[in-house]
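Peer 1: just the structure for this:
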Amino acid sequence: MAQEAQVTPKPSLTSVDGVIMGGLSGERVLVLPARFWNEVKAFLVKAYGSSVHEVLSRFAEEFGGTYASRMKASGMKPAQVLEAMGQMALTAGWGTVDFGGDMEGGKSLVIDVTDCAFCTVDEDVGTKTCDFLKGVAVGTAAAIYDKQFSCYHIEKEQGGVRVCRLTLSQTQQPKKANWKTAVYFPWMSDTK
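Peer 2: Numbers count the residues shown, from 1 in each chain. Next comes the predicted model:
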């Protein structure tokens with residue numbers, strides 16, 4: 001019996017009567033203007049301080065890890081998952097993603113994002129950090145390689161265009177069992 005070739009779902013967005021569906025997940029998606037995202041982030045930082053960066057990053061880790069786990073469970077190899085996540089980012093308007101490094105083994109990964117939506121904002125908002133994108137990258141890598149990762153972020157100019165470079169490295173640190181304790185928000189307290 002001949003094996004059928006695995007068909008990898010392609011990132012796409014379809015809209016019917018105000019409902020936008022994602023081609024990778026088959027689920028409804030939500031579109032937010034980048035400026036709105038950054039204004040909300042600026043408000044949260046102003047109201048609650050720099051711990052908001054940790055919360056957004058952890059939120060994004062869960063997002064990236066969930067999608068990557070689904071793709072891995074469908075039989076995709078690590079490099080295929082990364083490419084699919086890069087295409088999803090492009091389709092979603094996050095920016096153009098290029099990967100380098102050890103994509104099959106995950107020992108070190110370099111991710112360049114051109115025109116990153118999460119830090120391309122007007123100067124008056126002032127939240128040019130890629131907390132969300134860093135978190136998605138860390139969560140994705142953790143899910144497909146079954147290891148923990150740290151992420152170093154820099155912004156650089158490349159041919160007159162700003163590029164966010166995320167460098168992921170495997171770490172020996174165990175993941176915090178309860179990440180909420182690392183961030184202080186009164187409504188997230190484990191004690192009453």
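Peer 1: can you give me the strands for this protein?
Peer 2: 13-16, 19-22, 28-29, 96-101, 108-114, 148-158, 161-171 (DSSP state E).
Peer 1: does anything pack onto the shortest one? Which helices or strands?
Peer 2: Pointing back at strand 28-29 there. Where contact means 3 or more CB pairs under 8 Å, 6 or more residues apart in numbering; DSSP states H and E, strand 28-29 is packed against strand 19-22. For every residue, glycine as well, the C-beta is placed using N, CA and C.
Peer 1: pull the distance from the strand it packs on to the chain's centre.
Peer 2: Average the C-alpha atoms of strand 19-22, do the same for its chain, and the two points are 19 Å apart (CA atoms, centre = their mean, to the nearest Å).
Peer 1: who does it touch, helix- and strand-wise?
Peer 2: Using 3+ CB pairs under 8 Å, 6+ apart as the contact definition, the elements that strand 19-22 packs against are strand 13-16, strand 28-29.
Peer 1: for these, which has the smallest mean pLDDT value?
Peer 2: Across the helices and strands packed on strand 19-22, strand 13-16 has the smallest mean pLDDT, namely a mean of 80.
Peer 1: quick one: contacts of that one?
Peer 2: Residues outside strand 13-16 that contact it (CB atoms under 8 Å, 6 or more residues apart in numbering) are 20, 21, 22, 23, 29, 91, 92.
Peer 1: state the distance from the last one to residue 52.
Peer 2: It refers to residue 92. 22 Å (CB to CB, to the nearest Å).
Peer 1: what's the answer for residue 142, then?
Peer 2: According to CB to CB, residue 142 stands 22 Å off from residue 52.
Peer 1: swap in residue 14?
Peer 2: Residue 14 sits at a distance of 33 Å from residue 52 (criterion: CB to CB).
Peer 1: comparing the two, which residue is more hemmed in?
Peer 2: Here residue 14 and residue 52 are compared on neighbour count by other CB atoms under 10 Å; more neighbours surround residue 52, at 21 against 10.
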